[in-house]
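>>> Quick one, structure for this:
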Amino acid sequence: MNYIIAKEHPHKILEDNSDPKVTLYVPTHRDPNHNEEDRIRLGNLIRTVEKKLENVTDKSTKETILKPLKVMKDDRSLWNQRLEGFCIFANVNQTVVYILQNPVREMAIVGQRFHKKPLIRDFQGLDEYQILALDRHSYSLYEGNRTGFREIPIGENEPRTIQDFLGDEYTEAYLSQSSYGGTSSGSMFHGHKARKDEVDKDIERYLRQVDQHVMKNYSNISKKPLILFALPEYHTTFKKHSHNPYLIDESIKLSPRGLKESELKKYAWEIIEPRYEARIQKLKDTYHNARQKDLADNNIHSVAKAAAQGRVDSVLIEAYREVPGRIDEDSGRVIERDRRQEKFDDALDDLTDIVISNGGNVYVIPQEKMPSDTGVAAIYRY
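Presented below is the predicted three-dimensional model:
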């Protein structure tokens, strides 16, 4: 059995009831010079998991779970595409790897549920964005958040350049020949104005098709705010014809050529940070207003019961807070456990699952952004 790299959340492994479940969070470096250090870290975490599994399952199950983890450790191709870390979910049936944009704390957990809070934080999108870097020849895509940033790989079979998008309709490539008497194109253009008109038409068609492609293959999937990054002359035309609902008004009006990645990240965060802070503040305001009406709570026991009854509309959970124990899904009772047990479960993970399964929203946010000091803040439906 090998492993797969997941691109979307949630993955079907989260629906697998096989026990035990292994969760690993592995911080990594972007600099390939640290590859060996990161591999050693994963190896140490695997040994920690191995010791825990020895006390909770049989030898055959243990070896089945560990085999793909050991393959992963020595798979050079995996280490060439890392960002800020890995999240690894493994059980006896499958092993799934998420490549993370947010830095994570090192963790090795064996339990009856996967530890998902850091992963949800990576996917929830409160501080995430994408950038469409566009010039007259081709486009690139980037994505980032408060801490992470990367260029999104474009598939080999995807259109990338103006020639790819326009194909036989692309006239600029042969305009210089036909303008000076060439006949291979079967048409003749006279004067610079005619040439410019055709070039402008090419660019407009190209911009329209880039918009459609990015919306269909990226924005509609990620649902992240999209920032246009292009020279000023392309902004009006692109936004006039764009149908992408995730394209935001704020943009970067500079040439994509020659701008350093660190500078691009800085410009993007100047646009996104006010949006991020506003979304967090809106959630906190909603929570405080609901508390005045007895429609919010920050006690894990009360919130767990409300969640089991389907009453939780939204819950804010502190990113690295843990409450050792389980939640009975029928009654909502919190069953406390000793953190020192080999099989460790976090009641906040159970709470996350219960709220989501009942159609509620879960937001994992940093401690300093939380409206309560208990690690949980829930807003009730009724």
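>>> hey, let's count contacts and neighbours off CA atoms from now on
Fine.
>>> What mean pLDDT does stretch 26-46 get?
Averaged across stretch 26-46, the pLDDT comes to 90.
>>> Quick check: phi and psi at the nearest residue to Lys284 once chain neighbours are set aside.
Computed as C-alpha to C-alpha, 6 or more residues apart in numbering, the closest residue to Lys284 that is not its neighbour in sequence is Pro371, at 5.9 Å. For Pro371, the backbone dihedrals are phi -80, psi 0 (criterion: degrees, to the nearest 10).
>>> And the pLDDT at Pro371?
96.
>>> what's around it, how many residues?
By other C-alpha atoms under 10 Å, 21 other residues sit near Pro371.
>>> the helices in the stretch 251-382 of the chain, which residues?
With DSSP state H, counting those that start in this stretch, the ranges of helices along the stretch 251-382 of the chain come out as 261-292, 300-308, 347-357.
>>> Please work out which residues outside the shortest one touch it.
Spelled out, that is helix 300-308. 297, 312, 327, 329-334, 351, 354-355, 358, 374, 376, 378, 380 (C-alpha atoms under 8 Å, 6 or more residues apart in numbering).
>>> Which residues belonging to that helix are considered buried?
Residues Ile300, His301, Val303, Ala304, Lys305, Ala306, Ala307, Ala308 are the ones in helix 300-308 that count as buried (16 or more other C-alpha atoms under 10 Å).
>>> distance between that helix and the chain's centre?
Going by C-alpha atoms, centre = their mean, to the nearest Å, the spacing between the C-alpha centre of helix 300-308 and its chain's C-alpha centre is 28 Å.
>>> Now that helix: average pLDDT?
The predicted confidence, averaged over helix 300-308, sits at 97.
>>> now that helix against helix 347-357, angle please.
The directions of helix 300-308 and helix 347-357 differ by 20 degrees, with axes from the mean of the first three to the mean of the last three C-alpha atoms, to 10 degrees as the criterion.
>>> which residue is nearest the centroid of the protein?
If you average the C-alpha coordinates of the chain and look for the closest C-alpha using C-alpha atoms, centre = their mean, you land on Phe123, 3.9 Å from that point.
>>> Confirm for me that that one is in contact with His9.
Yes - applying C-alpha atoms under 8 Å, one finds Phe123 in contact with His9, separated by 7.1 Å.
>>> can you put the helices of the stretch 251-382 of the chain in a markdown table and add distance to Val210?
Written out in a markdown table, the entries for the helices of the stretch 251-382 of the chain read as follows (distance: least, C-alpha to C-alpha, whole Å):
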| stretch | distance to Val210 |
| --- | --- |
| helix 261-292 | 20 |
| helix 300-308 | 43 |
| helix 347-357 | 35 |
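>>> Where among those helices is average confidence lowest?
Per-stretch mean pLDDT for the helices of the stretch 251-382 of the chain is lowest at helix 347-357 (a mean of 91).
>>> Please compute how far that helix lies from its chain's middle.
The chain centroid and the centroid of helix 347-357 are separated by 20 Å, computed with C-alpha atoms, centre = their mean.
>>> returning to what we had before: among the helices of the stretch 251-382 of the chain, which is nearest Arg113?
Counting by C-alpha to C-alpha, Arg113 lies closest to helix 347-357 out of the helices of the stretch 251-382 of the chain; the figure is 7.6 Å.
>>> List the buried residues of the closest one.
For helix 347-357, a neighbour-count test (16+ other C-alpha under 10 Å) marks Ala347, Leu348, Asp349, Asp350, Leu351, Thr352, Asp353, Ile354, Val355, Ile356 as buried.
>>> Can you pick out the ones from the contacts of helix 300-308 that are in strands?
With DSSP state E as the criterion, strands contain Asp297, Val312, Ile327, Val334, Val376, Ala378, Tyr380 from among the contacts of helix 300-308.
>>> Among those residues, find me the one that's closest to Ala268.
Nearest to Ala268 among the ones in strands among the contacts of helix 300-308, with distances taken as C-alpha to C-alpha, is Val376, at 30.3 Å.
>>> What's the local residue count around the closest one?
Residue neighbour count, defined by other C-alpha under 10 Å, stands at 23 for Val376.
>>> In a markdown table, list the buried residues of helix 347-357 along with distance to Asn93.
Putting the buried residues of helix 347-357 into a markdown table (distance: C-alpha to C-alpha, whole Å) gives the following:
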| residue | distance to Asn93 |
| --- | --- |
| Ala347 | 24 |
| Leu348 | 25 |
| Asp349 | 21 |
| Asp350 | 21 |
| Leu351 | 25 |
| Thr352 | 23 |
| Asp353 | 21 |
| Ile354 | 23 |
| Val355 | 26 |
| Ile356 | 24 |
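>>> Closest to Gln130 out of the residues you listed?
The shortest distance between Gln130 and any of the buried residues of helix 347-357, using C-alpha to C-alpha, involves Ile356 and amounts to 25.3 Å.
>>> Please name the residues that touch the nearest residue to that closest one once chain neighbours are set aside.
In this structure, Ile356 finds its nearest non-sequential neighbour in Val362, 7.0 Å apart by C-alpha to C-alpha, 6+ apart. With contact set as C-alpha under 8 Å, 6+ apart, Val362 has these partners: Ser314, Val315, Leu316, Ile317, Thr352, Val355, Ile356.
>>> re earlier: between the ones in strands among the contacts of helix 300-308, which has the most around it?
Result: Ala378 is most packed of those (other C-alpha under 10 Å), 30 neighbours.
>>> Contacts only, for that residue.
Ala378 makes contacts with Tyr287, Ala296, Asp297, Asn298, Val303, Val312, Asp313, Ser314, Val315, Leu316, as judged by C-alpha under 8 Å, 6+ apart.
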